[in-house]
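A.B. asks: Predicted model and sequence follow; I will ask about them next.
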Amino acid sequence: MRILIVDDDEELAGLLSELLTGEGFHVDTKAKGPEGLAAALEGGYDLMVLDVMLPGLDGFEILRRARRSTRLPILMLTARGEDEDRIVGLDLGADDYLPKPFNPRELLARIRAILRRLEPRTSAGRLEVNGIMIDPGTRTVHQDGQEVDLTTFEFDILETLMRAAGRVVSRDELMENLYGRKATPFDRSVDMHISHLRRKLEGDKPLIKTVRGTGYQFVNSREEAMAK
């Protein structure tokens, strides 16, 4: 597995590179924004660790441009206390974020959680609910016959909700399933991914209900959607 680290903190990048290499990953580091973007777009990486503050091109712009042409999983590094940075990063398509300073082992755990989502699965077959068809084997989504482009975590959230269609899935259940950690009151990761799914899939009929204080529910049929 190849990891791309884009961070101008040479000491931190070196520490992370040493840690990840010791865990069996192949690691490349880039210190400037344009170089990091070019490497990400060239392909060949399984995940990018991307800092927000970079010379030449900041992390948000790199994320924005990368999302136009690649589904590469991206973990953002943000300044502690900068809630807005985390929200912006998720809104632009980051898979997860980690505030600085952090325990390198926490970063390793989050990288592994993201990469687990990419492992091939053959046990679950295609599923179609309410005009949405997902194929876990190819990780593709079609709505009324048209393919819809989703990120890794958007796909996995959608699959989880669709397989539980009609039942409320809690935020804790989604966080445990996707990230391997419990939800906190300030963690917006799942909420932002749900927002992206709604933008991409929903028109005038809602597909994903928010059950306040509990979680989310995928609506079973168009008739139910119209009645909600």
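C.D. replies: Perfect, thanks for sending it.
A.B. asks: Tell me how many other residues surround residue 151.
C.D. replies: 22 (other Cβ atoms under 10 Å). (Each C-beta comes from the backbone N, C-alpha and C, glycine too.)
A.B. asks: residues touching the most centrally placed residue in the chain, list them.
C.D. replies: Geometric centre of the chain, nearest residue: residue 95, 2.3 Å, by Cα atoms, centre = their mean. The neighbourhood of residue 95, defined by Cβ atoms under 8 Å, 6 or more residues apart in numbering, consists of 73-75, 114, 151-153.
A.B. asks: Return the subset of those lying in helices.
C.D. replies: Among these, the members falling in helices (DSSP state H) are 114, 152-153.
A.B. asks: what's the closest of those residues to residue 90?
C.D. replies: Nearest to residue 90 among these: residue 153, at 9.6 Å, using Cβ to Cβ.
A.B. asks: is it true that the closest one touches residue 194?
C.D. replies: No: using Cβ atoms under 8 Å, residue 153 is not in contact with residue 194, being 10.3 Å away.
A.B. asks: So those two - more neighbours on which side?
C.D. replies: Of the pair residue 153 and residue 194, residue 153 is the one with more neighbours under other Cβ under 10 Å, namely 25 against 20.
A.B. asks: The more buried one and residue 18: what is the separation?
C.D. replies: To residue 18, residue 153 is 28 Å away according to Cβ to Cβ, to the nearest Å.
A.B. asks: Across the sheet, point out what pairs with residue 96.
C.D. replies: residue 75 (DSSP bridges).
A.B. asks: Around it, count how many other residues there are.
C.D. replies: Neighbour tally, residue 96, other Cβ under 10 Å: 22.
A.B. asks: what's near enough to touch it?
C.D. replies: 75-76, 110, 113-114, 153, 179, 189.
A.B. asks: Columns pLDDT on top of the residues you listed, output as CSV?
C.D. replies: Shown next, in CSV, are the contacts of residue 96 (pLDDT from 0 to 100):
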residue, pLDDT
75, 95
76, 92
110, 90
113, 86
114, 87
153, 82
179, 77
189, 79
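A.B. asks: Produce a PyMOL select command limited to the buried residues of those residues.
C.D. replies: The PyMOL selection below is limited to those of the contacts of residue 96 classed as buried (16 or more other Cβ atoms under 10 Å):
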select buried, resi 75+76+110+113+114+153+179+189
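A.B. asks: which of the contacts of residue 96 lies closest to residue 8?
C.D. replies: For the contacts of residue 96, the residue nearest residue 8 by Cβ to Cβ is residue 76; the value is 14.6 Å.
A.B. asks: I figured the closest one hits residue 86, correct?
C.D. replies: Yes: contact criterion Cβ under 8 Å: residue 76 and residue 86 qualify, at 7.4 Å.
A.B. asks: per-domain residue ranges of this structure.
C.D. replies: Using automatic domain parsing, the domains assigned to the chain come out as 2-116, 127-227.
A.B. asks: Show me the helices in this protein, by range?
C.D. replies: 10-22, 33-42, 59-67, 83-91, 104-116, 152-163, 171-179, 189-201, 222-227.
A.B. asks: May I see the buried residues of stretch 195-208?
C.D. replies: 196-197, 201, 207-208.
A.B. asks: Adding pLDDT and distance to residue 146 as columns, could you present those residues in a markdown table?
C.D. replies: Below are the buried residues of stretch 195-208 laid out as a markdown table (pLDDT from 0 to 100; distance: Cβ to Cβ, whole Å):
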| residue | pLDDT | distance to residue 146 |
| --- | --- | --- |
| 196 | 87 | 17 |
| 197 | 91 | 15 |
| 201 | 90 | 11 |
| 207 | 91 | 15 |
| 208 | 93 | 18 |
